[in-house]
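Asker: let's see this in three dimensions:
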Amino acid sequence: MNIAALARQLGITTHTIRFYERRGLLPPPARTDNGYRNYSEADADRLRLLIGLRRLDLPLEQAAELASMCAAGRCDEVSGELTTAVIEKRRELRQRMEELRFLDERLAHLAGQLGTGEPPRALITLTATREEAGDDSL
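Answerer: Below you'll find the model as predicted:
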């Protein structure tokens, strides 16, 4: 299949496919006599897995390595590595969610104070000073 058909099948752009090729994360496809890219179902499966791993927010290089391992018939090893990656990604996600909750509380507090007519500069620097001092209370 050509690059446009592959992009449509996977719901991505042709630019995305070319990006993965340029980075060496997708092997160069076969070429037709006129030089057009000609992708196989194996290419589509590999790219589908790579995109799926990226959608799990795995780093590009890690996702490419896991997709390559699976394409080489080592999917059983991928399961072990993916388990470890998922555990770490969930830990990072929980930490980020806590940070976002704290930020939301700060913003809500600031919005309330601004609603009373207090000048923003003093409120923002007061909050920063409290954080720097280790006082997380609002």
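Asker: which strands or helices does the one helix or strand Ile17 maps to pack on?
Answerer: Following DSSP states H and E, the helix or strand that holds Ile17 is helix 14-22. Where contact means 3 or more CB pairs under 8 Å, 6 or more residues apart in numbering; DSSP states H and E, helix 14-22 is packed against helix 3-10, helix 41-55. C-beta: built from backbone N, CA, C; applies to glycine.
Asker: list the buried residues for that helix?
Answerer: The neighbour-count check on helix 14-22 (16 or more other CB atoms under 10 Å) flags 17, 20-21 as buried.
Asker: ok, stretch 44-64 next?
Answerer: By neighbour count with 16+ other CB under 10 Å, stretch 44-64 contains the buried residues 46-51, 53-54, 58, 63-64.
Asker: quick one: the helices in this protein, in order.
Answerer: Applying DSSP state H to the chain gives helices spanning 3-10, 14-22, 41-55, 60-71, 75-115, 120-132.
Asker: what about the fourth one, distance to the chain center?
Answerer: Spelled out, it's helix 60-71. The gap between the average C-alpha position of helix 60-71 and the chain average comes to 14 Å, counting by CA atoms, centre = their mean, to the nearest Å.
Asker: please apply the same query to the longest one.
Answerer: On the basis of CA atoms, centre = their mean, helix 75-115 sits 13 Å off its chain's mean C-alpha point.
Asker: please apply the same query to the second one.
Answerer: Helix 14-22 sits 16 Å away from the centroid of its parent chain (CA atoms, centre = their mean).
Asker: got the phi and psi for the residue nearest the centre of the chain?
Answerer: When the chain is reduced to its mean C-alpha position, the closest residue under CA atoms, centre = their mean turns out to be Asp57, at 3.1 Å. The phi and psi torsions at Asp57 (degrees, to the nearest 10) take the values phi 70, psi 30.
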